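Trainee: here are the coordinates; sequence isn't available:
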């Protein structure tokens, strides 16, 4: 009995050793195969891919803000509601702005009547000037006649044909004619000056009219700005006002996320930028879309690192400098009409540096 048992143990031990070697060999072969497969994948594709999980879906959203101060009279939309371009998002009470427009529009007709009156005065002054110029011609004729008469009487007096009294009368007539001519010339100067004054008044009124027209345009713009509309098709979100709120100038009231134009912004390390150029193909995996792979394309690379645009950029010119790997935003376009995307979603991107050769030569 003991002899049989002693013979059985070496056989079982040998069997166990063989199975262990087989398992270890199999595991080793699997590991070698997996390593070879991984190595081949890296050699044929992986070494050309630049990957990062610091990537997010972005959108050029529009912040709806007020250009005026006023009370909110209507908010006809709710959060996460789809809107079309031109849809009303917020209305402000427009009573004050309507009154301002009416006041500006009322002042214009009065000024138009003032301009018409000045034009009539200018025409009357020109008519007076024409009449005075005609009187000047008559005065010139009278002066010429008096001068001829004076010469004739002077000659008669020299020949002792007529008396000194006749000469005195001729001289008096001559002086009277010259005085009348001088008076007419003064009237002409006055009429011309009056015309220039009226023209100056008209120019001033025209400037005033231009100012009133601008006031009307500004009042209309202010009235239009009491209605805040969607700038494009999208979804309204982050509504930050309610009915009756007093809105100040520049107050943020809502945001509109566009339906189209979403993109991915990948923040690559500065050590990953070598070989990345616009036009390269990108494989994108959105965390919210599970295993779906989206084909994108590099459109542009930021001209500076993200830290440059931060509110408080780091000042490295100090004694306690610590080097930190910087990241550079890279914009990646997405195909149109992909459902389920939301701005801010996390993503993982793989940029294929083998592509985009056509863009690099540009």
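Mentor: Happy to help now that I have it. Nothing here was measured: the structure is a model prediction, and the numbers come from that model. Residues are numbered from 1 along each chain as shown.
Trainee: list the buried residues for the strand or helix carrying residue 254?
Mentor: In this structure, residue 254 sits in strand 252-258 according to DSSP states H and E. Of the residues in strand 252-258, those buried under the neighbour-count criterion (16 or more other CB atoms under 10 Å) are 253-258. The C-beta positions use only the backbone N, C-alpha and C, and glycine is treated the same way.
Trainee: quick check: the farthest pair among those residues?
Mentor: The two members of the buried residues of strand 252-258 with the most space between them (CB to CB) are 253 and 258, at 17.5 Å.
Trainee: next, count neighbours for residue 339.
Mentor: 5 (other CB atoms under 10 Å).
Trainee: three-state assignment of it?
Mentor: coil (DSSP: H, G, I helix; E, B strand; the rest coil).
Trainee: could I get the full set of strands for the protein?
Mentor: For the chain, applying DSSP state E gives strands covering 49-58, 62-65, 70-74, 81-83, 88-92, 227-229, 234-237, 246-247, 252-258, 263-269, 281-286, 293-301, 327-333, 346-352.
Trainee: neighbouring strands for the fourth one, and are they parallel or not?
Mentor: Within its sheet, strand 81-83 is paired with strand 234-237 (antiparallel), according to DSSP bridges.
Trainee: quick check: the gap between the closest residue in space to residue 283 that isn't next to it in sequence and residue 208.
Mentor: Closest residue to residue 283 in three dimensions, ignoring its sequence neighbours and counting by CB to CB, 6 or more residues apart in numbering: residue 350, at 4.5 Å. Per CB to CB, to the nearest Å, residue 350 is found 68 Å from residue 208.
Trainee: picking up where we left off before, which one of the buried residues of strand 252-258 is nearest residue 139?
Mentor: residue 253 (77.6 Å).
Trainee: what sits against that closest one?
Mentor: For residue 253, the contact set (CB atoms under 8 Å, 6 or more residues apart in numbering) comprises 64-66, 89-90, 228, 239-241, 247.
Trainee: generate the ChimeraX command that creates a selection of the buried members of those.
Mentor: Under the burial definition 16+ other CB under 10 Å, those of those that qualify are selected in ChimeraX by:
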select :64,65,66,89,90,228,239,241,247
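Trainee: so what pairs up with the residue nearest to residue 283 in the strands?
Mentor: residue 51, residue 283.
Trainee: count the residues that sit near it.
Mentor: For residue 350, using other CB under 10 Å, the count is 18.
Trainee: verify the stated contact: it with residue 281.
Mentor: No: the pair residue 350 and residue 281 fails to qualify as a contact (CB atoms under 8 Å) at a distance of 9.3 Å.
Trainee: per-residue confidence at the closest residue to residue 118 other than its chain neighbours?
Mentor: Nearest non-adjacent residue to residue 118, counting by CB to CB, 6+ apart: residue 202, 4.6 Å away. Reading off the confidence values, residue 202 has pLDDT 89.
Trainee: so who does residue 202 touch?
Mentor: 115, 118-119, 122.
Trainee: and residue 166, by the same measure?
Mentor: 153, 156-157.
Trainee: likewise for residue 70?
Mentor: Shown in contact with residue 70 (CB under 8 Å, 6+ apart): 92-94, 96-97, 226, 246-247.
Trainee: now those as JSON lines including pLDDT?
Mentor: Converted to JSON lines, the contacts of residue 70 look like this (pLDDT from 0 to 100):
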{"residue": "92", "pLDDT": "95"}
{"residue": "93", "pLDDT": "95"}
{"residue": "94", "pLDDT": "93"}
{"residue": "96", "pLDDT": "93"}
{"residue": "97", "pLDDT": "93"}
{"residue": "226", "pLDDT": "95"}
{"residue": "246", "pLDDT": "94"}
{"residue": "247", "pLDDT": "93"}
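Trainee: who wins on neighbours among those?
Mentor: residue 92 (25 neighbours).
Trainee: roughly how far does that residue sit from residue 98?
Mentor: For residue 92 relative to residue 98 (CB to CB), the value is 12 Å.
Trainee: can you check residue 305 too?
Mentor: Residue 305 is 51 Å from residue 98, where distance means CB to CB.
Trainee: now residue 160
Mentor: Applying CB to CB, the value for residue 160 to residue 98 is 95 Å.
Trainee: who has more neighbours out of those two?
Mentor: Using other CB under 10 Å as the criterion, residue 160 and residue 98 rank with residue 98 on top: 14 against 7.
Trainee: ok, now which ones touch that one?
Mentor: Contacts of residue 98 (CB under 8 Å, 6+ apart): residue 223.
Trainee: could you redo the last one with a cut-off of 10 Å?
Mentor: Residue 98 is in contact with 219, 222-223, 226, counting by CB atoms under 10 Å, 6 or more residues apart in numbering.
Trainee: distance of it from residue 179?
Mentor: 65 Å.
Trainee: buried residues, stretch 50-63. List them.
Mentor: In stretch 50-63, counting by 16+ other CB under 10 Å, buried: 50, 52, 55-59, 61-62.
Trainee: in CSV: the residues you listed, plus distance to residue 309 and pLDDT.
Mentor: Output for these, formatted as CSV (distance: CB to CB, whole Å; pLDDT from 0 to 100):
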residue, distance to residue 309, pLDDT
50, 22, 89
52, 19, 93
55, 18, 95
56, 16, 95
57, 19, 94
58, 14, 93
59, 18, 91
61, 18, 90
62, 20, 92
